[in-house]
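Student: I would like the atomic coordinates for the input below:
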Amino acid sequence: MGQYLLRRLANYLVLVIVAASLTYFLAALSLNPRSNFAGRNPPPSAASITSTLDEYNLNPDTPVVTRFAHWAEGVAEGDLGRTVTGGQVNEEFTSRVGVSARLLLLATVIGSVAGVLVGAWGAIRQYRASDRAATLASFFILAMPVFVIAVTLQLWARDFNDLLGSTVLEYVGEKDPSVSGFWPSLVSRANHLLLPSLTLIVLQIAIYSRYQRSTMLDVLGSDFLRTARAKGLSRRKALMKHGLRTAVLPVMPLLVYNVVLLFTGATFTETIYGWHGMGSWLVRSIQTNDVNAVAAVGMFTAALVLIAGLLSDLVYAALDPRVRVR
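Tutor: Residues are numbered from 1 along each chain as shown. Coordinates of the predicted model:
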């Protein structure tokens, strides 16, 4: 098992390096940081612009290979470079990851677990009223883009607040800046977290329940379930111990990849609710021609994809006794 993990980690490290390098070259060749200085009043001199871009390793006139070598040397030392405004990418990166983690981790865990349970429950009660209701609700949610769900919840929260005459539900920002103290700040953060989390949770329940229902239906008529029942297991215990464990295997890679990649995939949710996470940072970095920031997000995303692959393999091996890691 240890040798297997080391081999996979070595392969993933090479893939991360390749993906990060390609991302940097794509960003460096496509974006033009010099355009950020256009239209300033008073206009800076060409010499000062060049000097600033050289200092930040963002000068498009410098050969891209030279810029990449300087950037890669810094990354090897733990320095992701400077942003187009002169800040440290490391500081911005750490802040954005923390914001995305607060927003996404709880929501993805709740959404994925609830989606699996709803899908399994629907399969067990196939064509009953509860199954039809869950199916109809899932397709209704899936038919709406995520930004429609987010804006709809915001409008409902605003109307609810107007009805009560006070701000009960917060729908913009991460925290009320006027609140101080540990417990008041914690309550404020939880209130601001409610609606964006709900946006992600309902979407994930809709997605996972469809997959899980399909795989659970394939398992319900299997021989091993009949054998388990014949050995004296109750229907509920046989379904939970053998049926659900087998049915979740095909869904597990999707679960792991989606949970990990939401760090950079919740762009609409972060933007609409005013959360300054990784997704909104990527969009802003592209708009401002921030090569180093885009490269940092690309490297982070590549690492997440490969970590998700490793976790998927490990979880699959843990759930399926037929799999033997060599």
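Student: do you know how far residue 114 is from residue 169?
Tutor: 21 Å (Cβ to Cβ, to the nearest Å). Where you see a C-beta, it was placed from the backbone N, CA and C, and this is true even at glycine.
Student: Looks like residue 220 contacts residue 244 (just checking).
Tutor: No. Using Cβ atoms under 8 Å, residue 220 is not in contact with residue 244; the gap is 10.6 Å.
Student: Number of residues surrounding the closest residue to residue 24 other than its chain neighbours?
Tutor: Of all residues not flanking residue 24 in the chain, residue 295 sits nearest, at 4.2 Å (Cβ to Cβ, 6 or more residues apart in numbering). Applying other Cβ atoms under 10 Å, we find 27 other residues in the vicinity of residue 295.
Student: From residue 138, how far off is residue 295?
Tutor: 38 Å.
Student: now swap in residue 183 and tell me
Tutor: For residue 183 relative to residue 138 (Cβ to Cβ), the value is 38 Å.
Student: one step back: and residue 220 and residue 244? Which one has more around it.
Tutor: Counting neighbours by other Cβ under 10 Å for residue 220 and for residue 244 shows that residue 244 has the greater number, 20 against 14.
Student: give me the number of residues near the closest residue to residue 266 other than its chain neighbours?
Tutor: What sits nearest to residue 266 in space, not counting adjacent residues and going by Cβ to Cβ, 6+ apart, is residue 279, at 5.1 Å. By other Cβ under 10 Å, 25 other residues sit near residue 279.
Student: What helices and strands are in contact with the one helix or strand residue 279 maps to?
Tutor: Secondary structure from DSSP states H and E places residue 279 in helix 278-287. On a contact count with 3 or more Cβ pairs under 8 Å, 6 or more residues apart in numbering; DSSP states H and E, helix 278-287 meets helix 89-124, helix 252-265, helix 267-273, helix 291-319.
Student: pLDDT on the first one, on average?
Tutor: Confidence over helix 89-124, taken as the mean pLDDT, stands at 90.
Student: what pLDDT, on average, does the next helix or strand along the chain from that helix get?
Tutor: Sequence-wise, the next helix or strand downstream of helix 89-124 (DSSP H and E) is helix 129-142. Here helix 129-142 scores 93 as its mean pLDDT.
Student: Measure how helix 129-142 sits relative to helix 89-124, angle-wise.
Tutor: Angle, helix 129-142 to helix 89-124, by axes from the mean of the first three to the mean of the last three Cα atoms, to 10 degrees: 150 degrees.
Student: so what secondary structure elements neighbour the next helix or strand after helix 129-142?
Tutor: Proceeding N to C from helix 129-142, the next assigned helix or strand is helix 146-164, under DSSP H and E. In terms of contacts (3+ Cβ pairs under 8 Å, 6+ apart), helix 146-164 is packed against helix 182-220, helix 267-273.
Student: Check which helices and strands the shortest one is in contact with.
Tutor: I take that to be helix 267-273. Using 3+ Cβ pairs under 8 Å, 6+ apart, helix 267-273 sits against helix 89-124, helix 146-164, helix 182-220, helix 278-287.
Student: how about the residue nearest to the spatial centre of the chain, what does it touch?
Tutor: Residue closest to the mean C-alpha point of the chain, counted by Cα atoms, centre = their mean, is residue 262 at 1.0 Å. With contacts defined as Cβ atoms under 8 Å, 6 or more residues apart in numbering, residue 262 is in contact with 100, 104, 108, 200.
Student: how about the residues you listed in a markdown table, adding neighbour count and distance to residue 273?
Tutor: Shown next, in a markdown table, are the contacts of residue 262 (neighbours: other Cβ atoms under 10 Å; distance: Cβ to Cβ, whole Å):
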| residue | neighbour count | distance to residue 273 |
| --- | --- | --- |
| 100 | 23 | 12 |
| 104 | 28 | 12 |
| 108 | 22 | 16 |
| 200 | 23 | 10 |
